[in-house]
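Asker: After the sequence you'll find the predicted model.
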Number of protein chains: 2
Amino acid sequence: MASLKDVARRAGVSVSTVSHVINGYDDISESTRRKVLQAIRELNYHPNSIARNLLLQRSHTVGVVTVGQQSISHPLFNQLIVALAAAVEEADLGIALTVYDPEADSVDGCLQRWHEQRLEGIVVIGMAEESPLVQAVARSKIPAVFVDTQASGPKATWIASDNRQGAYEAVTHLLRLGHRKIAFLQGVPNGRIIRDRYEGYKQALQDAGLPADDTLYEQADFTKEGAYRAAERLFARTVPTAIFCVSDLMAFGVMQWARDKGIAVPDGLAVVGFDDDPASEHVTPALTTVRQSGYEMGLAAARSLLQLIEENTPADPITLPTRLVVRASCGAPGRARTESRQASA
Amino acid sequence: MASLKDVARRAGVSVSTVSHVINGYDDISESTRRKVLQAIRELNYHPNSIARNLLLQRSHTVGVVTVGQQSISHPLFNQLIVALAAAVEEADLGIALTVYDPEADSVDGCLQRWHEQRLEGIVVIGMAEESPLVQAVARSKIPAVFVDTQASGPKATWIASDNRQGAYEAVTHLLRLGHRKIAFLQGVPNGRIIRDRYEGYKQALQDAGLPADDTLYEQADFTKEGAYRAAERLFARTVPTAIFCVSDLMAFGVMQWARDKGIAVPDGLAVVGFDDDPASEHVTPALTTVRQSGYEMGLAAARSLLQLIEENTPADPITLPTRLVVRASCGAPGRARTESRQASA
DNA sequence: CTGAAAGCGCTTACAG
DNA sequence: CTGAAAGCGCTTACAG
């Protein structure tokens, strides 16, 4: 591959001159510039950004880390990455993608590699707070932002939806529809993000003057099948008129169970989910759920990361609003939509 | 950040010596090695891979390109990337992710950047054959593999599922169930991959001795709503007993329409889709569909790319088998599953 | 306007 | 076993 030196030789000038025309300096005579441009074309020359990066002491790349095990990656990954990529490219940064496999990859190995690559920043998507990888990144001096993981460090901060508020609104919606026995289906194991949904649920009930009722609480493993069995356990014990599930997938399991038992949704049982999974609008009845904007999260993550990198300022965590998407699974009157307030912790 | 020279100074040896211990050469005395390791630890030294890459004339990275516009990215992107990342990391290569936005990004700009980065290879996911980006990459000298795009070049090849065979099996399944009036719902605009599904449909009918019937053909824009309207047009003209849709999303639209018209699925109308969208098993009735393995595609793409890079051999295109996933939307007897043959074009 | 020279942080023959 | 030196392909003061 042609180098600066080759171009200089061909154009009959020095490498400094070639470098200047490439970088658009205006101290080059028109005739020289033309000769150089010609030589570049003839040699099909492309500046070597690796050499450039070495000299400038910058990698011009940020890392994005996601988990790949059995495709449990983040439900919003695609939206997230689109926003993130656009924002980061704006700042002339590229993305080095790591699909982290806890089984196969060592945390130290990853950090070693990221240091060697001189990553300018890292965004870690959807991992547990207590994950060794998260802990290690949080402790490192590489600027980092965690998405849906409430971890932070001297150079690290996080972004998440306002899960508490989202759940609060969903449950409030059920209360307004007249429900008083509202069950809660929790997913386990869980992190702060998921536990916040339970907090929102409890708060809504409390604000409505309803007593806490442990018999209405059930949990499952985030699968449709697990939720199905959880519904079975729940109804063997009590008969709620509505149920709030911490994920849409679990809501699908509950709806499946209701169908099998001949319980009509929403008339016999109102169901609300969380995430606005693409499937939510295709199931019957269409699922009322809490939507998070992956795009906004990606944008916010990029902004925080850039701030961390460029201004060296310890960015504050950011909580993004969610939106209740009312569909048919609660027998909602009309298509009312509620915007949650913008919050920033 | 500490450099080799710093480590050498601290350990009281030369940089060559340090380099040798780092790279695991066995011509270093134990005592020297210890001193060096100690210095590395004290300085928290991380070799600069940018410098290393420059010297070795390798970037150690491959590009992955996906389209981001309105999140129409590839339905199998997540699975694909997991397999791709694992295989590529195995070969000590990293992934530089580009989310290509045809509106905002210039094709020349992208190629320029990829050349400057000295990408060792590129995999382009799910773009149209005639896309300028695809054309440019195919013409370039960068080893490339296209996923779900039947384009090739001197250094480029492609990977796709056997769409023709997948459709053939789906339609054959309907034929075996006794259907004779099987409609086809096409998506537009489309590429080879989608048109192959139509070929498979036609072939299946022909092999069953059924005449071609243009009135059974309808098309829509790959959206649920478009499919809904297409179903309306179709049934205004003729009354099929089954319909094969080129995507699950379109199948959902057809099922919605049937529900609105009081036509029962599968008794009044059998429906088959393509893709095995995650929502397929959540809709009611669960959708019979043709599954592609994103994981296998990612693996195959990685293998082809590595072959192109390492052996400099012009890799042949690869066609991967699909699998008919029989669920409830055709009123299928039992849960029979058909494996398609392994094909390689 | 243009060029010679130093240096970014490494690896690799080559001497000793 | 260990070190001095060249060189990967650039950019940037500094001279002229």
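Answerer: Here it is on my side, so go on. The shown structure was predicted, so the numbers you read here are calculated from the model rather than taken from an experiment.
Asker: Residue of the stretch 101-250 of chain A nearest DNA strand D, please.
Answerer: For the stretch 101-250 of chain A and DNA strand D, the shortest gap (CB to the nearest atom of the strand) falls at A:Arg118, measuring 14.1 Å. From N, CA and C alone the C-beta is placed, and that goes for glycine too.
Asker: Is that residue in contact with B:Ile50, as I believe?
Answerer: Yes. A:Arg118 lies in contact with B:Ile50 (CB atoms under 8 Å); the separation is 6.1 Å.
Asker: Residues that sit against both of the two, list them.
Answerer: Residues touching both A:Arg118 and B:Ile50 by CB atoms under 8 Å, 6 or more residues apart in numbering or on different chains: A:Ser59.
Asker: more crowded one of those two?
Answerer: Remark: of A:Arg118 and B:Ile50, B:Ile50 carries more neighbours, 25 against 20, as counted by other CB atoms under 10 Å in any protein chain shown.
Asker: what secondary structure does the more buried one sit in?
Answerer: helix (DSSP: H, G, I helix; E, B strand; the rest coil).
Asker: Would you map the helices across chain A?
Answerer: For chain A, the helices defined by DSSP state H occupy A:4-11, A:15-22, A:30-43, A:49-56, A:77-90, A:107-116, A:132-139, A:163-176, A:192-207, A:224-237, A:248-261, A:294-306.
Asker: and the longest one with helix A:163-176, angle?
Answerer: Relative orientation of helix A:192-207 with respect to helix A:163-176: 40 degrees, computed using axes from the mean of the first three to the mean of the last three CA atoms, to 10 degrees.
Asker: Apart from its chain neighbours, what residue comes closest to the residue of the stretch 201-345 of chain A found nearest chain B?
Answerer: Per CB to the nearest CB, A:Ala279 is where the stretch 201-345 of chain A lies closest to chain B, at 3.3 Å. Excluding the flanking residues, the one nearest A:Ala279 by CB to CB, 6 or more residues apart in numbering or on different chains is B:Ala279, at 3.3 Å.
Asker: ok, the one you found - contacts?
Answerer: A:Asp277, A:Pro278, A:Ala279, A:His282, A:Val283, B:Asp248, B:Phe252.
Asker: Please convert those to CSV, extending it with pLDDT and distance to DNA strand C.
Answerer: Below are these laid out as CSV (pLDDT from 0 to 100; distance: CB to the nearest atom of the strand, whole Å):
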residue, pLDDT, distance to DNA strand C
A:Asp277, 91, 46
A:Pro278, 90, 46
A:Ala279, 93, 49
A:His282, 94, 53
A:Val283, 95, 55
B:Asp248, 96, 50
B:Phe252, 97, 54
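Asker: Tabulate these in CSV, adding columns for distance to DNA strand D.
Answerer: CSV is the format used below for those (distance: CB to the nearest atom of the strand, whole Å):
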residue, distance to DNA strand D
A:Asp277, 47
A:Pro278, 44
A:Ala279, 49
A:His282, 52
A:Val283, 55
B:Asp248, 48
B:Phe252, 52
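Asker: Filter the residues you listed down to just the buried residues.
Answerer: Buried members of the contacts of B:Ala279, counted by 16 or more other CB atoms under 10 Å in any protein chain shown: A:Asp277, A:Ala279, A:His282, A:Val283, B:Asp248, B:Phe252.
Asker: Save the residues you listed as a markdown table, and put in distance to B:Thr149 too.
Answerer: A markdown table is the format used below for those (distance: CB to CB, whole Å):
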| residue | distance to B:Thr149 |
| --- | --- |
| A:Asp277 | 28 |
| A:Ala279 | 27 |
| A:His282 | 27 |
| A:Val283 | 32 |
| B:Asp248 | 20 |
| B:Phe252 | 25 |
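Asker: With respect to B:Arg229, which of the residues you listed is nearest?
Answerer: Distance to B:Arg229, by CB to CB, is smallest for B:Phe252 among those, at 13.6 Å.
Asker: The closest residue to that closest one other than its chain neighbours and A:Ala8, how far apart?
Answerer: Closest residue in space to B:Phe252, ignoring its immediate chain neighbours: A:His282 at 4.6 Å, by CB to CB, 6+ apart. Distance, A:His282 to A:Ala8, by CB to CB, to the nearest Å: 62 Å.
Asker: Check the one residue in the stretch 51-200 of chain A that gets nearest to DNA strand D and give its pLDDT.
Answerer: Closest approach between the stretch 51-200 of chain A and DNA strand D, counting by CB to the nearest atom of the strand: A:Ala51, at 3.4 Å. Listed pLDDT for A:Ala51 reads 97.
Asker: Then the one 3 residues further on?
Answerer: Among the per-residue scores, A:Leu54 holds a pLDDT of 97.
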